[in-house]
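1. Provide a 3D model corresponding to the input given below.
(chains A and B)
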2 protein chains.
Amino acid sequence: MGDLLDRLRAALPAEAVVTDPDVTVSYARDMAGFCEAGAPAAVVLPRTVEQVQHVMRTACELRVPVVPQGARTGLSGAANAVDGCVVLSLVKMDRILEIDPVNRIAVVEPGVVNAVLSRAVAERGLYYPPDPSSWEQCTIGGNIGTGSGGLCCVKYGVTAEYVLGLDVVLADGRLLRTGRRTAKGVAGYDLTRLFVGSEGSLGVVVRAVLALRPAPPRQLALAAEFPSAATACAAVCSIMERGHTPSLLELMDRTTIRAVNDLARMGLPETTEALLLAAFDTPDPAADLAAVAELCTAAGATAVVPAEDAAESELLLQARRLSLPALERVTGTTMIDDVAVPRSRLAAMLDGVAEIAARHGLVIGVCAHAGDGNTHPVVCFDPADPAAAARARASFDDIMALGLDLGGTITGEHGVGLLKKDWLARELGPVSLDLHRSLKHVFDPYGILNPGKVF
Amino acid sequence: MGDLLDRLRAALPAEAVVTDPDVTVSYARDMAGFCEAGAPAAVVLPRTVEQVQHVMRTACELRVPVVPQGARTGLSGAANAVDGCVVLSLVKMDRILEIDPVNRIAVVEPGVVNAVLSRAVAERGLYYPPDPSSWEQCTIGGNIGTGSGGLCCVKYGVTAEYVLGLDVVLADGRLLRTGRRTAKGVAGYDLTRLFVGSEGSLGVVVRAVLALRPAPPRQLALAAEFPSAATACAAVCSIMERGHTPSLLELMDRTTIRAVNDLARMGLPETTEALLLAAFDTPDPAADLAAVAELCTAAGATAVVPAEDAAESELLLQARRLSLPALERVTGTTMIDDVAVPRSRLAAMLDGVAEIAARHGLVIGVCAHAGDGNTHPVVCFDPADPAAAARARASFDDIMALGLDLGGTITGEHGVGLLKKDWLARELGPVSLDLHRSLKHVFDPYGILNPGKVF
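-> Numbering: from 1, shown residues only, chains lettered A, B, ... in the order given. Predicted coordinates for the structure are as follows:
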C-alpha cells in the first residue's frame, strides 16, 4: 500500500493523489442502489494521458485493481470501488480539444461534461445528440463507458453511434489509438466499438473523436392522453409503422402521471392511464404533429394537446423530466430498471410490469423511451423496510426476466455494472460469455481493470 | 484430402460439395487485381446453419483453412482462396426470414443479394440504405464482411450502422448469437461490430438482424461544373459546414468526366475540371438544391444544372455510375483505390493524386464520395505491359501513403483483404496490431478462418 502510494506520487502532482478516507469514501459509488462498494486505497485525479499511463503501469506491476470513473451518475454500480483499489477519476481531464464544423467532429478529453460539450458545439451550429437525463453532470468518458442513451435516441441513436475513434490507455499502460477522424473507415477490427459500453473493463478512455450533426430546428411537441397503456402502445407502433421519425417519443404510465401531479401540480389528467409525448425537429413539425395526432386519436387517445411553440413544448416535456424525482417522493427511494423490448412488445411489457407490481405489493411507475421500446420501470419502496427492499429486488429480477421473455435486453442504455451481471450471463448464453471472458483476458490479463463488473 | 471430402459429404447433400477443378477455379478470387489466389480443395455451398457448423467442425478438426465467400464482388482479395482450402460460399443461404415494419428490422440469411433485400423492404415502405455499386450482385453477408458503403453513406452511414445482431458460426463450429432485435441495447461487449468488417477472419455470419428506415422521398439531384478540383472541394466543405444533409454528394475529376463522355457521349463539358453531383431526399429537395446551388456558385462553379424531376436526376447520376466502366476502357484495366480523408483535406488528396499520376506517367481518374471524403482513385494501365503494371502498383502505394499523411485511412469501404494488409499495419501501429492478433487468436486459435487476410 505504501509502495503503491509512493510510486503513484513519484509521477503525479501531490493534489492528484487523494488518500484521506473522508474524501475517498465520496468516490466509492455511483447512483445505483443494491450494489456493494469497497474502500479505495486512493483516488487519483490525473490531468494528462501520461499520468494515466503512469497509474496503469504502476497498478499493473503491483496488481492493484483500478476503477475508472466519470461523474458517478451511472445507475448500475459500474463505477463502484472495490477494496484497496485505485479509483481513477477522469473528471480533471475536461478539455474540449477541437470542434471542427467542416468535418463535423469534436475531439475531447473524457472528463468533459455532456452539457458543456453540447452547448459548445451548439454555438458552432452543431449538435451532439446523446442526452442522458444526467447530462448536466455526466461526462463523455462515462457516457462512452456505459453506452448512454437519452430522449433523442429514437431519431438520433445512442452514444456508440457518435464515437469515431478513441485513445485508450491499456491495462499495462500502453497507449492504443482506435478508429479514425474520417466519416468512413473499415481498416481492421472495430476496436472503438468494443470499448464503448465496456464499463472501464478493457481500458481507460483518455481522448475521443466524436461525430457531430448539424443543429436541427427546435422541436415542437404534443401530448396525447390514453385510456390504457395498450392504446398508447398501439399509437407508438402505428406512428413508427407509418414511417414517422419523431425526435422524441416518450410514454408515462398512470403511476408516473399521478406522482408528477403530486409533485408539481401540472394538471395532468389523473383519469388518464397513459400519456404519450411526441416531438419533431423537422422543417414542418406542425404538419408532422398533426399526422401523429390523427394516429393517436385513431388508436384511442381521449385528448391530444399540441404545443403552439417551443415554450409550450418545453412545458409538456417538463412532465417527463420530473418523472424520476416525482416517483422518488412516493415511498422515499426508487430502483430504476432499463429493459428494452421490440417496440411491438411494449404493451406486453407494460402489462407485465403492472402484474409484477401487484404481485409484489409494490408501486412501480413506468416511463419509457417508447419509440425505442426502452422502458424504465421505477420500483418505489421504503428503504427503512427490509421486507419491502427485498420485494423491490425480487420485482427488479422479474422485470428483467419479463424483458428477456419478450425478446428484449436487460439494459437498453444504463449498462450492466454490478447490478445486472448475473442477468448478463442469462442474456448472453454460454458461448458469448466464454468469448467475453477471453476478450477481457486479452485486454486485461491480470484482471486489474474494474474487476467484478459486467460479468 | 480424401478424409476431408468424405467427412464433408457425410453431412452435406452431394450437390453442396463441389470438387471439379474446372468449377472450383471460378470460386478462387474476388474482383481485386494484384492479389494471389490459391486452388481450393472444395467449394461447399451450404443451405442451413447446421451444415455450416458441420463444415467448420470438420475443418477445425482437420486444421483445413476455410475461406467464407459471398458474391466475390469484393475489391481487396478478401474472398480469395488459399491452396487446399474449403471455399465456404454462403450464396445458397439466401432467404429473407422476416421484414417487420413496426420494429423496422429485417432478418436475413447471408446470401441475400443487397438489391433483393432493398426491393423487398421498399415494397413495405421501408429502406435498407447501404448501396455499394455492386448492389445487384453483392450479398448482405459480403457487405457485413467488408463493411460496405456506397453513395448513400453521406446521409445514411455504412453497413455497420445497420447491423443490430448476428448469428455466427465460430471456427470450432459453435453457434454464437450477438446483439439484439431491439432499437437499443448495451448488454456486454459489442461483438456484433467486431464481426462487421472482419472479412470472415473471426467467424462465419449465418444470419443477420438489420435495422431499416422509413423510405424517404425520391431524391432530386443537381450537377455543378467547376474550373478546378480545389473549387469543387471548397464547395463540398461549404455545403457540409452550412449544415446541409445531402443524400448523395459525389465528385468526378476531369479524367473521369472525359472517360464517361468517350463511353456514353453524355455531353459533359470537357473543359470542366471537376463535376459535383448533389442530391436531397428531403421534404423540399428543390429548396435544398437551390441553397446548395448558391454555395456552389459562391465557391466558383461555372454552371449549375438542377434536375427538374426524378427522371432528370437519374440521368445526372448515370454519369457517376458509368465512371468505373468508362475508366476501365481507357487502357484496358484498372485498379481502384479507396482512401478516405477528412473532407477538409479532399482538395489536398485530389491534388496529390494528380501529382502521383504525373510522376508515374499514368492515367488516374478520381471519383469520390466527396461528402464523406472517401476517394476512389482509379489507376488505369495496360495489363499486358509489366512495367506499366509495376508503376500502377507503386502509384497505388503512394496514394495510400498520401491518404495516411492527410489524416485519413487506407480504406473507407472496400476493406483490407490481401491488397492492403501490409498497409494496415502502418495505419494501425504496433499496439493495435498486437491486439488484433490476440483477438484473432481468441476467435480462431488454429488460424483456419480466411488465413493470410487482413493482417
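2. please parse chain A into its domains.
-> Domain assignment for chain A by automatic domain parsing gives A:2-89, A:96-214, A:220-405.
3. return the set of buried residues in the helix or strand encompassing A:L402.
-> Using DSSP states H and E, the element containing A:L402 is helix A:386-405. Buried residues in helix A:386-405, defined by neighbour count with 16 or more other C-beta atoms under 10 Å in any protein chain shown: A:388-389, A:391-393, A:395-396, A:398-404. Glycine gets a C-beta too; all of them are placed from N, C-alpha and C.
4. state the distance from A:H244 to A:R345.
-> 19 Å (C-beta to C-beta, to the nearest Å).
5. ok, back up a step: neighbouring contacts of the helix holding A:L402?
-> For helix A:386-405, the external contacting residues (C-beta atoms under 8 Å, 6 or more residues apart in numbering or on different chains) are A:34, A:331, A:335, A:337, A:339-341, A:349, A:352-353, A:356-357, A:359-362, A:364, A:375, A:377, A:379, A:381-383, A:409-410, A:420, A:423, A:426-427.
6. try 6 Å this time
-> A:34, A:335, A:337, A:339, A:341, A:352, A:356, A:360, A:362, A:377, A:379, A:381-382, A:410, A:423 (C-beta atoms under 6 Å, 6 or more residues apart in numbering or on different chains).
7. also stretch A:290-297?
-> Residues contacting stretch A:290-297 (C-beta under 6 Å, 6+ apart): A:224, A:235, A:238-239, A:278, A:304.
8. so for that stretch, mean pLDDT?
-> Mean pLDDT, stretch A:290-297: 98.
9. which bits of the stretch 301-450 of chain A sit near chain B?
-> By C-beta under 6 Å from any C-beta of the partner chain, the residues of the stretch 301-450 of chain A that approach chain B are A:340, A:342-344, A:372-374, A:407-413, A:415, A:424, A:427-428, A:431-432, A:436, A:438, A:442.
10. of these, buried ones?
-> In those, the ones that pass as buried (16+ other C-beta under 10 Å) are A:340, A:342-344, A:372-374, A:407-413, A:415, A:424, A:427-428, A:431-432, A:436, A:442.
11. over to A:M56. Which of the three states is it?
-> Three-state assignment for A:M56 (DSSP: H, G, I helix; E, B strand; the rest coil): helix.
12. for it, what are its contacts?
-> Counting by C-beta under 6 Å, 6+ apart, A:M56 makes contact with A:169, A:173.
13. check A:E241 too.
-> B:101-102.
14. quick one: it from B:A122, how far?
-> From A:E241 over to B:A122 (counting by C-beta to C-beta), the distance is 15 Å.
15. so how many other residues sit close to A:P101?
-> Residues near A:P101, counting by other C-beta atoms under 10 Å in any protein chain shown, number 19.
16. ok, it touching A:R124?
-> Yes - if you go by C-beta atoms under 6 Å, A:P101 and A:R124 touch, sitting 5.3 Å apart.
17. regarding A:V209, what is its secondary structure?
-> strand.
18. tell me what it is bridged to.
-> Beta-bridge partners of A:V209, counted by DSSP bridges, are A:V107, A:G165.
19. how many neighbouring residues does A:S133 have?
-> A:S133: 19 neighbours (other C-beta under 10 Å).
20. which two from the contacts of helix A:386-405 end up farthest apart in space?
-> A:V341 and A:D382 (29.0 Å; C-beta to C-beta).
21. more neighbours: which of these two?
-> A:V341 (30 against 14).
22. list the contacts of the closest residue to that one other than its chain neighbours.
-> Nearest-residue entry for A:V341: A:G408, 3.5 Å, with adjacent residues in sequence omitted and distances by C-beta to C-beta, 6 or more residues apart in numbering or on different chains. Neighbour list for A:G408: A:339-341, B:182 [criterion: C-beta under 6 Å, 6+ apart].
23. which parts of the stretch 51-200 of chain A sit against chain B?
-> So far as C-beta under 6 Å from any C-beta goes, the stretch 51-200 of chain A lies against chain B at A:101-103, A:125, A:147, A:149, A:158, A:174, A:176, A:180-190, A:193-194, A:197-198.
24. A:L327 belongs to a helix?
-> Yes - counting by three-state DSSP, A:L327 is located in a helix.
25. which helix runs longest in chain A?
-> helix A:421-443 (DSSP state H).
26. show me what contacts A:D338?
-> A:376, A:411-412, A:414.
27. C-terminal to the host helix or strand of A:A278, what's the next element?
-> Using DSSP H and E, A:A278 sits in strand A:274-280. Going down the chain from strand A:274-280, the next helix or strand is helix A:285-299, by DSSP H and E.
28. to B:L251, which of the domains of chain A lies closest?
-> Comparing those by C-beta to C-beta, domain A:96-214 comes nearest, at 14.1 Å.
29. show the average pLDDT along the closest one.
-> 97.
30. how far away from the center of its chain is that domain?
-> 13 Å (C-alpha atoms, centre = their mean, to the nearest Å).
31. okay, helices next: where are they in the stretch 101-250 of chain A?
-> A:114-122, A:140-146, A:153-156, A:191-195, A:229-241 (DSSP state H, counting those that start in this stretch).
32. who touches the first one?
-> In this case it means helix A:114-122. A:96, A:99, A:128, A:135-136, A:138, A:212.
33. can I have the buried ones of those as a ChimeraX selection?
-> Selecting the buried subset of the contacts of helix A:114-122 in ChimeraX, with 16+ other C-beta under 10 Å as the burial test, is done by:
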select /A:99,128,135,138,212
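34. per-residue confidence, A:V330, what does it come out as?
-> Value for A:V330, per-residue pLDDT: 87.
35. just give the closest residue to it, not the sequence neighbours.
-> When the adjacent residues along the chain are set aside, A:V330 lies closest to A:C380, with 4.3 Å between them (C-beta to C-beta, 6+ apart).
36. now do that neighbour, the pLDDT please.
-> Here, the pLDDT recorded for A:C380 equals 96.
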